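> The sequence isn't on hand, but the structure is:
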């Protein structure tokens with residue numbers, strides 16, 4: 001089970017068959033930002049986290065380590 005933000009982000013990308021480029025476009029961020037999130041170098045601010053969750057059909061709570069969706 002994925003427990004950290006970057007692990008859950010990677011898992012959802014894989015499950016949704018989305019590329020980093022797809023997610024970046026849907027969430028309104030750069031591909032570089034998505035790459036940093038996936039590496040665990042950065043955590044998005046709340047507004048970006050919300051857009052990422054929406055783009056992935058998930059919740060911010062799940063992405064940040066909360067209960068499974």
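Sure thing, it's come through. Model, not experiment: these values are computed from the prediction. Residues are numbered from 1 along each chain as shown.
> which ones are touching the closest residue to residue 16 other than its chain neighbours?
Excluding the flanking residues, the one nearest residue 16 by CB to CB, 6 or more residues apart in numbering is residue 56, at 6.0 Å. Yep, even glycine has a C-beta here, placed from its N, CA and C like the rest. Contacts of residue 56 were listed using CB atoms under 8 Å, 6 or more residues apart in numbering, and they are 9, 12-13, 16, 18, 23, 63.
> now for the helix or strand harbouring residue 23, which elements pack on it?
In this structure, residue 23 sits in helix 20-27 according to DSSP states H and E. Here helix 20-27 touches helix 31-39, helix 46-56, going by 3 or more CB pairs under 8 Å, 6 or more residues apart in numbering; DSSP states H and E.
> In CSV, list these along with distance to residue 67 and mean pLDDT.
Formatted as CSV, the helices and strands packed on helix 20-27 follow (distance: least, CB to CB, whole Å; pLDDT from 0 to 100):
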stretch, distance to residue 67, mean pLDDT
helix 31-39, 21, 97
helix 46-56, 14, 97
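> okay, those helices in a markdown table with distance to residue 5 next?
Formatted as a markdown table, the helices and strands packed on helix 20-27 follow (distance: least, CB to CB, whole Å):
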| stretch | distance to residue 5 |
| --- | --- |
| helix 31-39 | 7 |
| helix 46-56 | 8 |
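> Let me know the secondary structure of the residue nearest in space to the middle of the chain.
Centroid-nearest residue in the chain: residue 9, 3.8 Å away (criterion: CA atoms, centre = their mean). Recorded secondary structure, residue 9: helix (DSSP: H, G, I helix; E, B strand; the rest coil).
> Does it touch residue 35 like I think?
No - using CB atoms under 8 Å as the test, residue 9 is too far from residue 35 to be in contact (10.8 Å).
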